[in-house]
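A.B. asks: the following comprises the amino acid sequence and a computationally predicted model.
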Amino acid sequence: MHSFGYRLNGLLTFSVTILAIMCAMASLSDNLNTASPSAEIQVTNINRFQKQPQGNDEVSLTMNISADLQTLFTWNTKQLFVFVAAEYKTPENSLNQVSLWDAIIPAKEHAKFWIQTSNKYRFIDQGNNLRGKEFNLTLHWHVMPKTGKMFADKIVLTGYSFPEEYR
Amino acid sequence: MTSFRSLRFHMDWQGQKLAEQIMQMMLLVSAVIAFVAGYVLGSFQMMMIVYAGGVTLTALITVPNWPFFNHHPLNWLDPSEAEKHPKPQVTVSSKKKGTKK
């Protein structure tokens, strides 16, 4: 290669191309990871369960969320985005999903946690269907990589229900 | 950059080929070592650091005009010698049409 600038340019372009290939391989290596996450959610209290003036039901509840998501972390993981959603069925909508709480877990050490919290976001129904309604709480997670493909999955926990009457 | 004097600081043809081969080989080897180091240690940052070190080392070795890239220099004809042997004159022939193949 003919001159200083020519060789420098060749080195820079080739090294960046190889870097792109290395990042793709790092992302592919995420598929080798077998994860075994676990989670439990308890609804300790329904704080408020009222019908709003507009006619929609609103719920405020306190939950204990405990989870062990450490096996989801790989060397190529930047952070884990976790959220809890309530899912239920009404005559108007075959599936309602309401996000109640979320968090960003930046490192593996923080991925095994227990938290007691009221719902971070308001739980308002489209309508007034919640009395006596059974619902699931699902814990979703997004494994956000440093490079490459993002993986998302969830755990569905069943058996929760609202009270029969407003309180 | 292409003046006659600076030809002293360029590589010769063999040197250029050697520089290109060394550069490609060293970059690939750096990448492999960096990836293996990062994967085994479980650290993406370590992979980037090792690779950056490899690229810098490759740059230091292959980009500047080191003397060992100039072991087969071309001996250009000295201008005073060239004057003693004038170029042959080309006689203009009077063909009106080009040769057809």
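C.D. replies: Here it is on my side, so go on.

A.B. asks: burial of B:Ala34, as a residue count?
C.D. replies: 23 (other Cβ atoms under 10 Å in any protein chain shown). For the C-beta atoms, the positions are set from N, CA and C on the backbone; glycine is no exception.

A.B. asks: how's chain A carved up into domains?
C.D. replies: Chain A is divided into the following domains under automatic domain parsing: A:1-32, A:34-161.

A.B. asks: and the ones you listed: which comes nearest B:Asn65?
C.D. replies: The closest of those to B:Asn65 is domain A:1-32. By Cβ to Cβ, the value is 6.9 Å.

A.B. asks: leaving out chain neighbours, which residue sits closest to B:Ser30?
C.D. replies: B:Gly54 (2.4 Å; Cβ to Cβ, 6 or more residues apart in numbering or on different chains).

A.B. asks: separation between that neighbour and A:Ala26?
C.D. replies: B:Gly54 is 16 Å from A:Ala26, where distance means Cβ to Cβ, to the nearest Å.

A.B. asks: over to B:Phe69?
C.D. replies: According to Cβ to Cβ, B:Phe69 and A:Ala26 sit 35 Å apart.

A.B. asks: returning to what we had before: export the domains of chain A as TSV, with columns for mean neighbour count, distance to B:Ile22 and mean pLDDT.
C.D. replies: Formatted as TSV, the domains of chain A follow (neighbours: other Cβ atoms under 10 Å in any protein chain shown; distance: least, Cβ to Cβ, whole Å; pLDDT from 0 to 100):
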stretch	mean neighbour count	distance to B:Ile22	mean pLDDT
domain A:1-32	15	10	92
domain A:34-161	16	28	93
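
A.B. asks: how about JSON lines for these, with distance to chain B added?
C.D. replies: Converted to JSON lines, these look like this (distance: least, Cβ to the nearest Cβ, whole Å):
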{"stretch": "domain A:1-32", "distance to chain B": "5"}
{"stretch": "domain A:34-161", "distance to chain B": "4"}
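
A.B. asks: reformat the ones you listed as a markdown table; add distance to B:Ile49.
C.D. replies: Shown next, in a markdown table, are those (distance: least, Cβ to Cβ, whole Å):
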| stretch | distance to B:Ile49 |
| --- | --- |
| domain A:1-32 | 13 |
| domain A:34-161 | 14 |
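
A.B. asks: what sits against residue 33?
C.D. replies: Let's take chain A. Contact analysis of A:Asn33 by Cβ atoms under 8 Å, 6 or more residues apart in numbering or on different chains lists A:71-72, A:74.

A.B. asks: you looked at the wrong chain, it should be chain B
C.D. replies: Residues in contact with B:Ile33 (Cβ under 8 Å, 6+ apart) are B:50, B:54.

A.B. asks: buried sites along the helix or strand hosting it?
C.D. replies: Applying DSSP states H and E as the criterion places B:Ile33 in helix B:13-41. Buried residues in helix B:13-41, counted by 16 or more other Cβ atoms under 10 Å in any protein chain shown: B:15-16, B:18-20, B:23-24, B:26-27, B:30-31, B:34-35, B:38-39.

A.B. asks: chain A contacts on chain B?
C.D. replies: Contacts of chain B with chain A, taken as Cβ under 8 Å from any Cβ of the partner chain, map to B:1, B:10, B:16, B:19-20, B:23-24, B:27-28, B:31, B:34-35, B:38-39, B:41-44, B:47, B:51, B:55, B:58-59, B:62-65.

A.B. asks: surely A:Arg167 meets A:Phe49?
C.D. replies: Yes. With contacts counted by Cβ atoms under 8 Å, A:Arg167 reaches A:Phe49, the gap being 5.2 Å.

A.B. asks: what about stretch B:91-101, average pLDDT?
C.D. replies: Mean pLDDT, stretch B:91-101: 63.
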